[in-house]
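In: how does the following fold in three dimensions:
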Amino acid sequence: MNIEQVFENQKNFFRKGNTRNFEVRKANLEKLRDLIANNEKEFCEAVKADFGKPYFESFSTEIYTVLHEIDYHLKNLKKWMEPETVGSSIVTFPSRNKIYKQPLGTVLIIGAWNYPIHLTLMPLVGAISAGNTAILKPSEIAPETSSALKSLISESFDTGMIAVVEGAVDTTTELLNQPFDKIFFTGSSRVGKIVMKAAAEQLIPVTLELGGKSPAIVHEDADIEVCARRIWWGKTINAGQTCVAPDFVAVHKSVRNEFIDQSKNVLSQFFRDDYHPGGNYTKIVNESHFDRLQNLLDQSEVIFGGISNKENLFIEPTIIQADWGSEIMQDEIFGPLMPILTYSDPSELIERLRDRPSPLALYLFTKDTELEERIIDEVPFGGGCINETVQHLGNPNLPFGGVGSSGMGSYHGKYSFDTFSRNKSIMKKPFWPDPDFRYPPYDDMIVSWFKRIFS
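Out: Numbering: from 1, shown residues only. Reported below is the predicted structural model:
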């Protein structure tokens, strides 16, 4: 496939106005919805073939979430597309002023392997909704899903509207050389820097959805049993291979032992019939990722769990004793290993968190509204939950995105529409009045009158 030709084909398709009006956008969203719903089984089987994700997890996190997003756009798109009327000012009176929501053009969406359908198609919903054409680059680390996306999308959409380009680093590099109107990237901070550098060469705007070490904080007044259930639910989804998974737990020292005991009980209940990768638990995606996690495990003090099997890429959810300087606390884990740290002074904890790179998410478990307000106000993070984990992603009324090293820009719901749109400001004036004093030549009297009227 000649990438330059694919790109030019999309630019020409967009210039012909094939994506702009409401009915076309609506029809394309409905077509994408039918594609996903009618091929649910094929998509879920592809994800399972790539890294053994159980059917329920694939359906709930890959299929349902995107269908829900499409339905939300279909319900609200017409309203979002309407020009926004804004007020005039004394300087521009009389005039009528509007902000038009315009598509950007041809966009590049680079998906991620850990949720290969969701993280490729979720931003696509926003791109279609905003009236763009899109080239998708699924992750080569999930080849079966990438192939399914290419096959099914090419059957349903003109490549001028949506094209799927498969490949590895060389392909991505060639794509980044094209003068796209927007690049949307989901992945690691390391690759995000490469994407941003390439985009900067052509002044292409970017949205980066990255990651980081998202903390879960368990304060002394929290319901420890509920905390353990919700934290381990967020951690064991996709075997911890989730950008917003709780990466570590900072627990008040007075409830540390209780939290560990409840964690053991919760994991025993969640997986009472043992672990079955592909059945009730997800594999680690490949040997390289397994080896990285195994190396962290070998260096750690295991409190509970720790069983692994390279043959089937299985790593058990594991509770690890850690401190801020531990090796496992240096980078995002992206797996089912959970370091436990303790704190006694919330102010000291806040300082520790502020000294670290800003995470994509933060989860606070407490009944203390003063502490809640301090954490929200003083600690930089993308978004999060109070007394819950991960579920903020399921509300299309909330923007999802990072800050600092965890990303820039946001999407979901109307925020996706806005991410792939640009505001065009238009002021309309009548031919009358047209006072002479606004035109040269200017004298001291005009300056004096101007200051009286406008100062």
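
In: going forward, measure contacts between C-alpha atoms and count neighbours the same way
Out: Noted.

In: contacting residues around the residue lying closest to Met196 once chain neighbours are set aside?
Out: Spatial nearest neighbour of Met196, chain neighbours left out: Val206 (6.9 Å); criterion: C-alpha to C-alpha, 6 or more residues apart in numbering. Applying C-alpha atoms under 8 Å, 6 or more residues apart in numbering to Val206 gives the contacts 182-185, 196, 199, 408-409.

In: which stretches in the stretch 201-350 of the chain count as helices?
Out: Ranges of helices in the stretch 201-350 of the chain, per DSSP state H, counting those that start in this stretch, are 224-236, 256-270, 287-298, 346-354.

In: so which residues make contact with the last one?
Out: Among residues not part of helix 346-354, those counted as contacts by C-alpha under 8 Å, 6+ apart are 343, 371, 375, 378-380.

In: could you redo the last one with a cut-off of 7 Å?
Out: 343, 379-380 (C-alpha atoms under 7 Å, 6 or more residues apart in numbering).

In: sketch out the low-pLDDT regions of the stretch 251-400 of the chain for me.
Out: For the stretch 251-400 of the chain, no stretch has pLDDT under 70.

In: what segments of it are strands?
Out: Secondary structure of the stretch 251-400 of the chain (DSSP state E, counting those that start in this stretch): strands at 301-304, 308-309, 314-315, 318-321, 337-343, 361-365, 383-386.

In: pick the most buried one from the ones you listed.
Out: Across the strands of the stretch 251-400 of the chain, averaging neighbours per residue (mean count of other C-alpha atoms under 10 Å) puts strand 361-365 on top, at a mean of 26.

In: between helix 224-236 and that one, find me the angle.
Out: 160 degrees (axes from the mean of the first three to the mean of the last three C-alpha atoms, to 10 degrees).

In: residues making contact with strand 361-365?
Out: Strand 361-365 has contacts (C-alpha under 7 Å, 6+ apart) with 214-219, 222, 227, 244, 381-389.

In: how far does that strand sit from the chain's center?
Out: Distance, stretch centre to chain centre, for strand 361-365: 17 Å (C-alpha atoms, centre = their mean, to the nearest Å).

In: parallel or antiparallel, which strands does that strand pair with?
Out: As defined by DSSP bridges, the strand partners of strand 361-365 come to strand 215-218 (parallel), strand 383-386 (parallel).

In: with just CA atoms, put the first one into CSV.
Out: Output for strand 215-218, consisting of C-alpha atoms alone and laid out as CSV, is shown next (Å, rounded to 0.1, in the frame of the first residue of the first chain):
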residue,chain,number,x,y,z
PRO,A,215,-2.2,6.0,42.5
ALA,A,216,-5.0,4.6,44.6
ILE,A,217,-5.1,6.3,48.0
VAL,A,218,-6.8,4.5,50.9
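
In: still on that earlier bit, quick check, nearest of the contacts of Val206 to Lys31?
Out: Among the contacts of Val206, Phe184 lies closest to Lys31 (C-alpha to C-alpha), at 21.9 Å.

In: quick one: residues contacting the closest one.
Out: Counting by C-alpha under 7 Å, 6+ apart, the residues that Phe184 touches are 108-110, 206-208.

In: so what pLDDT did Met1 get?
Out: We have a pLDDT of 66 for Met1.

In: Lys235: which of the strands paired with strand 361-365 is closest?
Out: Here strand 215-218 is closest among the strands paired with strand 361-365 (C-alpha to C-alpha), at 10.3 Å.

In: what are the contacting residues of the closest one?
Out: Under the contact criterion C-alpha under 7 Å, 6+ apart, strand 215-218 has outside partners 246-252, 362-366.

In: same thing with stretch 61-80?
Out: Stretch 61-80 has contacts (C-alpha under 7 Å, 6+ apart) with 22, 26, 29, 33, 36, 40, 115, 117-118, 121-122, 125, 129, 413.

In: still on that earlier bit, any chance of the contacts of helix 346-354 in CSV, plus distance to Ile320?
Out: Output for the contacts of helix 346-354, formatted as CSV (distance: C-alpha to C-alpha, whole Å):
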residue, distance to Ile320
Tyr343, 16
Val379, 24
Pro380, 25
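
In: bridged to the residue nearest to Met196, which residues?
Out: Counting by DSSP bridges, Val206 forms beta bridges with Ile183.

In: check the spacing between it and Arg190 real quick.
Out: Val206 sits 15 Å away from Arg190, going by C-alpha to C-alpha, to the nearest Å.

In: ok, Asn18 next?
Out: 36 Å.

In: now swap in Asn2 and tell me
Out: Per C-alpha to C-alpha, Asn2 is found 27 Å from Arg190.

In: could you do Gly131 as well?
Out: Going from Gly131 to Arg190 by C-alpha to C-alpha gives 31 Å.

In: quick one, helices of the stretch 51-200 of the chain?
Out: Counting by DSSP H, counting those that start in this stretch, the helices of the stretch 51-200 of the chain are 55-58, 64-81, 118-129, 143-156, 169-176, 189-201.

In: buried residues in the fifth one?
Out: By neighbour count, with 16 or more other C-alpha atoms under 10 Å as the criterion, the buried positions of helix 169-176 are 172, 175-176.

In: also stretch 185-197?
Out: Quick answer for stretch 185-197 (16+ other C-alpha under 10 Å): 185-189, 192, 195-196.

In: any idea how far it is from the chain center?
Out: Centre-to-centre, stretch 185-197 and its host chain are 13 Å apart (C-alpha atoms, centre = their mean).

In: and stretch 228-236, by the same measure?
Out: Once both centres are worked out by C-alpha atoms, centre = their mean, stretch 228-236 turns out to sit 20 Å from its chain's centre.
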